[in-house]
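Student: Predicted coordinates and the sequence they were generated for:
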Amino acid sequence: MNRKIIYGALAAIILAGVFLGWYYFVYLRPLRLSEGFENGFGEWTADADVPLDPNNPGHAVLWNITRVTDAAKSGQYSVELFVDGSQDDGTIWIERSIVVKRNSQVQVRVSFQFYSAQESFTTIAAVVAYAGVRNPETEGDFAVVGLANEVAGWKEYSLAAVVDTGSSEELWVAAGISVRWETHMTYLIDDVEIEIQ
């Protein structure tokens, strides 16, 4: 009789431990994702909110986001962001979605390496980022996390946010640039890190 009680108690403890371990793994442990763009864009896609080009009626100003080997923080590849800022307007970015639990509050940190070819005291572009439940579509969705050209070379930028997921099962994160000067501009992004808890 005592043996059955002991075995039953041990089985209950083991099952509780398995359940708690599963619950922690699925819901409580921080989720960490990283992308160095060594094998394509991964889960990331390019998007933009840019003005029309008065020199090319009916068309937006030129912009492009591509993988390049010109410079990389690590590995061989980074992502190049180019935009014609002649209209003193426009925001371009990379974005991705991540599955999250509905009706929860999550802490999100997005960090990334950002490359400026030269240092400048002129504000040419803002470095921007986003974390939220909506797919970012306009410049107004983004938070400024710093200025481009603060250094010549690589610099880390980050955004921390608390997001209420509500009825959504998707969390969106994004990083990019927003035009602040009337010129063509090119910057690089590499080693994007996302932590969600």
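Tutor: Yep, it's here.
Student: is the nearest residue to Ser78 once chain neighbours are set aside in a bridge, and if so with what?
Tutor: Spatial nearest neighbour of Ser78, excluding adjacent residues (Cβ to Cβ, 6 or more residues apart in numbering): Asp190 at 3.9 Å. Yep, even glycine has a C-beta here, placed from its N, CA and C like the rest. Counting by DSSP bridges, Asp190 is bridged to Gln113.
Student: Also Leu81?
Tutor: Going by DSSP bridges, Leu81 forms beta bridges with Ile65, Tyr187.
Student: do the same with the one 10 residues further on
Tutor: In this structure, Thr91 has the following beta-bridge partners (DSSP bridges): Asp49, Ser178.
Student: residue contacts, it?
Tutor: For Thr91, the contact set (Cβ atoms under 8 Å, 6 or more residues apart in numbering) comprises Ala48, Asp49, Val50, Val128, Thr138, Glu139, Phe142, Gly176, Ile177, Ser178, Val179.
Student: ok now stretch 94-111, how far from the chain's centre?
Tutor: 10 Å (Cα atoms, centre = their mean, to the nearest Å).
Student: Then stretch 67-74?
Tutor: Taking mean C-alpha positions (Cα atoms, centre = their mean), stretch 67-74 and its chain are 18 Å apart.
Student: from here on, count from 538
Tutor: In the new count, where the first residue is 538, that last one comes out as stretch 604-611.
Student: what sits up against it?
Tutor: So stretch 604-611 is contacted by 573-574, 577-578, 613-617, 650, 652, 691, 725, 727-728 (Cβ under 8 Å, 6+ apart).
Student: Quick one: the helices in this structure, in order.
Tutor: For the chain, the helices defined by DSSP state H occupy 539-560.
Student: any chance you could map the strands in it?
Tutor: Under the criterion DSSP state E, the chain contains strands at 568-572, 582-586, 600-605, 615-621, 628-636, 642-653, 662-669, 680-684, 690-701, 707-716, 721-733.
Student: Out of the ones you listed, the one nearest Ile551 is which?
Tutor: Ranking these by proximity to Ile551 (Cβ to Cβ) places strand 568-572 first, at 26.6 Å.
Student: From the chain's centroid, how far away is the closest one?
Tutor: Worked out by Cα atoms, centre = their mean, strand 568-572 lies 10 Å from the chain centre.
Student: what sits against Glu730?
Tutor: Arg569, Leu570, Ser571, Arg646, Val647, Ser648, Phe649.
Student: from those, which is closest to Asn592?
Tutor: Phe649 (32.5 Å).
Student: State the pLDDT value of the closest one.
Tutor: On the pLDDT scale, Phe649 is placed at 98.
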